[in-house]
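In: sequence first, then the predicted structure:
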Amino acid sequence: MFAAVRTRTIARTSLLRAARPVYKTLGSGTHAGLFSRYYHKPARSTAFKVLTEGDLRHFKSILPAETILATPEIGGTADPIELDGFNADWLNKYRGNSQLVLRPKTTKEVSEILKYCNDQGIAVVPQGGNTGLVGGSVPVHDEVVLSLRNMNKIRSYDELSGILVCDAGCVLEELGNYVGERDHIMPLDLGAKGSCHIGGNVAANAGGIRFLRYGTLHGSVLGLEVVLPDGTVLDNMSTLRKDNTGYDLKQLFIGSEGTLGIITGVSIATPRKPSSVNVAVLGVPSYEKVQQAFKLARRRCGEILSAYEFWDASCMGAVLKHHDLKSPLSSDFPFYVLIETSGSNKDHDDEKLGALLEELMEEGIVEDGALAQDETQISRMWSMREGIPESLGKTGATYKYDVSIPIPVLYDVVGDIAARLEKASLFKPEEQPGSDHPVKLVCGYGHIGDGNLHLNIVAERFEDRVTNIFEPFVYEWVASHRGSISAEHGVGLMKRDYLGYSKSPEMIDYMRRIKNLFDPKGILNPYKVV
Ligand SMILES: O=C(O)CC[C@@H](O)C(=O)O
Ligand SMILES: [Zn+2]
């Protein structure tokens, strides 16, 4: 059986042809307008000043002209359409109405902008690559968008220690290429890598597909440069791995989603590039067996196990339909697993993974498997997993839940929600798109090795009769298992009102006090998180 798995030539199956997705706004086409029913938009706070031509004149005096995009409403010349990509998230789900986008090139300029906005009571939303999924990086109303995209320089790289110091607006994939040429990798990787910024990753405390091996950004980030709402620059660009001098303030900004300060620089430890990487996709008959395979993978592969991802048949159907991909497996399965090993000794790693695959097949835990034979196949297998969110977005209006739940019960919530929808005659499993029921798919995928499920429900449109079936049920379900309502996507606007399902009143109170300490006027990314 081992040979059957190992010698399978994926090339012959003409596996997958798509490149990794670069997240771009899906456009104002199909689902625009439908999303407006998806979330509750809080009223605009009257505490914030409405921008005037005088404000624009001030920004023109402190910033180069080409870094300002202002609409005629405030005396500028930009066509409002030019601001579209800044006002809406990439799924075109959350949409604001900003009339001004500022794209500073230096930390000093960020500081001057914030100082002015703070003095004047002007609300600001910081924006990186705008690939977030919870409405955290776009304005809710008319907040000024402060985009970090012009701050994209690598400041230094120490090849001995692997410590990278860079501007916040550097694109994750470009950093990966840069350190890759120097025999290192970034400690995080995610589907949006072609567009997302490292500063946004840190602000959101992004997880992604390397989490299992390299852990949280709270461990990899060594230092940050942060501009506070009053313009103060907190220069904590440490490159030290050990520093026990009191409170570690940078940790507060990791995962703060731009509500406490704007991250302008990042110092991050990059691990050595593994010289031997193997990836296999497995067909698994049940969720129970997905877990058994994980247990065995941890036992057999130990520290070289670098990713353990899963998705269900509905996700597979969507990804195959909407991407130019073919399954590497001979038939369909209820579940699929992508397993990756990364190490430094090819023979050793091949042997470990080969033995694992053989055992999984022999034990009947896995029914089919395909092992990538070269880097192209590795990247195509990853495309299959990483292409899921985009393919679901193309299927319909997608409700997204990103939850941490103990692994043994992690997939139960998918079944429970499907059953509730079915009972309400809103969904019928196995039904083809175009049918009578408004819900098309209820599916689960994600970083099972991290206990992180992405539960996605795809419907014809967002509508209350659908939403009410699983909201707040999904949050109650997660809370009852002592899970987290946000594993890695953050809180943003989407989950602000639900924070109480994962944090006690006392903790929320202290979060608000911290927000108030850093941003007493509340100008920074208002309406989000707390
Ligand atoms: O869109 C989603 O729900 C998940 C996106 C991302 O975190 C992933 O793991 O692919
Ligand atoms: Zn994810």
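Out: Looks like it came in fine. Ligands and ions are numbered 1, 2, ... in the order given.

In: pretty sure Met361 contacts Leu371?
Out: No. Using C-beta atoms under 8 Å, Met361 makes no contact with Leu371, being 11.6 Å away. Using the backbone N, CA and C atoms, a C-beta is placed for each residue, glycine as well.

In: and Leu499, how many neighbours?
Out: 17 (other C-beta atoms under 10 Å).

In: and it, how far is that from Ile185?
Out: According to C-beta to C-beta, to the nearest Å, Leu499 and Ile185 sit 34 Å apart.

In: who has more neighbours out of Met361 and Leu371?
Out: The neighbour comparison of Met361 against Leu371 (other C-beta under 10 Å) goes to Leu371, with 24 against 18.

In: wait, the more buried one sits on Leu282?
Out: No. If you go by C-beta under 8 Å, Leu371 and Leu282 don't touch, sitting 9.6 Å apart.

In: touching both of the two, which residues are there?
Out: Leu357 (C-beta atoms under 8 Å, 6 or more residues apart in numbering).

In: near ligand 1, which residues of the protein are found?
Out: Taking C-beta under 6 Å from any ligand atom as the criterion, the chain approaches ligand 1 at residues Leu133, Gly191, Glu386, Pro389, Lys400, Asp402, Gly446, His454, Asn456.

In: just the ones of those residues in helices?
Out: Glu386, Pro389 (DSSP state H).

In: OK, contacts around Asn478?
Out: Heads up, residue 478 is Val, not Asn. Residues counted as contacts of Val478 (C-beta under 8 Å, 6+ apart) are Val403, Ser404, Ile405, Val413, Ser484, Ile485, Tyr501, Ser502.

In: mind checking which of those are in helices?
Out: Among the contacts of Val478, the members found in helices (DSSP H) are Val413.

In: find the closest residue to ligand 1 in the protein.
Out: Nearest to ligand 1, among the residues of the chain, is Pro389, at 3.3 Å (C-beta to the nearest ligand atom).

In: list the contacts of that residue.
Out: With C-beta under 8 Å, 6+ apart, Pro389 has these contacts: Gly191, Thr398, Lys400, His454, Asn456.

In: please parse the protein into its domains.
Out: Following automatic domain parsing, the chain resolves into domains at 43-147, 154-269, 275-388, 396-491.

In: so for the first one, what's the average pLDDT?
Out: Right, domain 43-147. For domain 43-147, the mean pLDDT works out to 97.

In: and that domain, how far from the chain's centre?
Out: Remark: domain 43-147 is offset 23 Å from the chain centroid, using C-alpha atoms, centre = their mean, to the nearest Å.

In: same check, this time on the second one
Out: Shown here is domain 154-269, whose average C-alpha point lies 15 Å from the average C-alpha point of the whole chain (C-alpha atoms, centre = their mean).

In: that domain spans what distance, first to last residue?
Out: End-to-end distance for domain 154-269, by C-alpha to C-alpha, to the nearest Å: 14 Å.

In: His218 - how many residues pack around it?
Out: His218: 13 neighbours (other C-beta under 10 Å).

In: actually Tyr247, sorry about that
Out: 7.

In: can you tell me the SS state at it?
Out: coil (DSSP: H, G, I helix; E, B strand; the rest coil).

In: in contact with it, which residues are there?
Out: If you count contacts by C-beta under 8 Å, 6+ apart, Tyr247 has none.

In: phi and psi next, for it.
Out: phi -60, psi 140 (degrees, to the nearest 10).

In: which stretches in the stretch 201-350 of the chain count as helices?
Out: In the stretch 201-350 of the chain, the helices defined using DSSP state H, counting those that start in this stretch lie at 211-214, 217-220, 250-253, 287-301, 313-322, 346-362.

In: packing partners for the longest one?
Out: Using 3 or more C-beta pairs under 8 Å, 6 or more residues apart in numbering; DSSP states H and E, the elements in contact with helix 346-362 are helix 2-6, strand 276-284, helix 287-301, strand 335-343, strand 368-371.

In: identify, out of those, the most deeply packed stretch.
Out: Scoring the helices and strands packed on helix 346-362 by mean neighbour count under mean count of other C-beta atoms under 10 Å gives strand 335-343 as the most buried, with a mean of 25.

In: which strands border that one, and is each parallel or antiparallel?
Out: strand 276-284 (antiparallel), strand 305-312 (antiparallel) (DSSP bridges).

In: what mean pLDDT does the longest one get?
Out: Looking back up the chat, that one is strand 276-284. 98.

In: so what's the gap between stretch 262-282 and the chain middle?
Out: 15 Å.

In: pretty sure Asn456 is touching Gly396, no?
Out: No. Counting by C-beta under 8 Å, Asn456 does not reach Gly396; the two are 10.1 Å apart.

In: so what sits against both of those two?
Out: Leu441.

In: those two - which one has more neighbours?
Out: Asn456 (25 against 22).

In: what is the more buried one paired to in the beta sheet?
Out: For Asn456, the beta-bridge partners under DSSP bridges are Lys400, Cys443.

In: contact partners for it?
Out: Asn456 neighbours (C-beta under 8 Å, 6+ apart): Cys315, Pro389, Leu392, Thr398, Tyr399, Lys400, Tyr401, Leu441, Val442, Cys443, Gly444, Tyr445.

In: surely Asp158 touches Leu222?
Out: No. Using C-beta under 8 Å, Asp158 makes no contact with Leu222, being 11.0 Å away.

In: which neighbours do those two have in common?
Out: Common contact partners of Asp158 and Leu222 (C-beta under 8 Å, 6+ apart): Thr239.

In: quick one, which of these two is more surrounded?
Out: Neighbours were counted for Asp158 and for Leu222 using other C-beta under 10 Å; Leu222 has more, 22 against 13.

In: so what's that one scoring on pLDDT?
Out: 98.

In: and the nearest residue to it once chain neighbours are set aside, what does it touch?
Out: Sequence neighbours aside, Ser267 is the residue nearest to Leu222 in space, at 4.6 Å (criterion: C-beta to C-beta, 6 or more residues apart in numbering). By C-beta under 8 Å, 6+ apart, Ser267 lies in contact with Ile163, Leu164, Val165, Val221, Leu222, Gly223, Leu224, Met237, Ser238, Thr239.

In: pick out the most distant pair among the contacts of Pro389.
Out: The span of those, defined through C-beta to C-beta, is set by Gly191 and Thr398 at 14.3 Å.

In: what about these two, which has more around it?
Out: Thr398 (25 against 22).

In: residues in contact with the helix or strand in which that one is found?
Out: Thr398 is part of strand 397-404 when elements are defined by DSSP states H and E. The contact list for strand 397-404, computed with C-beta under 8 Å, 6+ apart, reads 31, 34-35, 38, 91, 133, 389, 392, 413, 446, 450-462, 466-467, 470, 474, 478, 483-489.
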